[in-house]
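Visitor: Next input, structure requested:
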Amino acid sequence: MLYWRRDLETGLQDIDAQHKGLFQRVNRVLDACKLGLGTSEIKRVLDYLRQDLSQHFAKEEELLAEYNDPNHLLHKQQHDSLMYALAQLEKQLQVDGVSFRFCIAANQVLGSWLNQHIQQFDQVMADRIKAAPKTQAHAGR
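Guide: Predicted coordinates for the structure are as follows:
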């Protein structure tokens, strides 16, 4: 299970709300594994997670461009790497079904990545946005 912690907050309300939603969505995947739900149910939850991630990443990338963040490309590459890892998980689910191996991989890929990404990339992005001149104020702040 992933637990939201205050030290993960960026100070950007929209982004923090989306992060909390992603934690809930990842926990649904992990819960589905723990409860032994079928492949079709876990695939459905992964589909929702993919949609949420796509929307969230688009929002972050919009902010990165708007504030001319010097790490824009690297940040986007991180997003792309998770989407690729998610696609690999989906392939593994198709091949192995809801196996112990799949559930461990889902926990490692989704949980670890999300925590690390927020701390190493999103908080840095948020600090740059909050430090930007007031003329660059954005509704997401």
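Visitor: Check the average confidence over whatever helix or strand D80 lives in, would you?
Guide: Applying DSSP states H and E as the criterion places D80 in helix 72-96. Averaging pLDDT along helix 72-96 yields 96.
Visitor: name the helices or strands packed onto that helix?
Guide: Counting contacts by 3 or more C-beta pairs under 8 Å, 6 or more residues apart in numbering; DSSP states H and E, helix 72-96 packs against helix 39-66, helix 100-106, helix 113-117. For every residue, glycine as well, the C-beta is placed using N, CA and C.
Visitor: Please compute how far the first one lies from its chain's middle.
Guide: Here helix 39-66 is found 7 Å from its chain centre; the criterion is C-alpha atoms, centre = their mean, to the nearest Å.
Visitor: what angle do that helix and helix 72-96 make?
Guide: Here helix 39-66 points in a direction 170 degrees away from that of helix 72-96 (axes from the mean of the first three to the mean of the last three C-alpha atoms, to 10 degrees).
Visitor: Show me which parts of helix 39-66 are buried, residue by residue.
Guide: If you call a residue buried by 16 or more other C-beta atoms under 10 Å, then helix 39-66 has these buried ones: I42, V45, L46, L49, D52, L53, H56, F57, E60, L63, L64.
Visitor: now, which of the residues you listed sits nearest P70?
Guide: L64 (9.4 Å; C-beta to C-beta).
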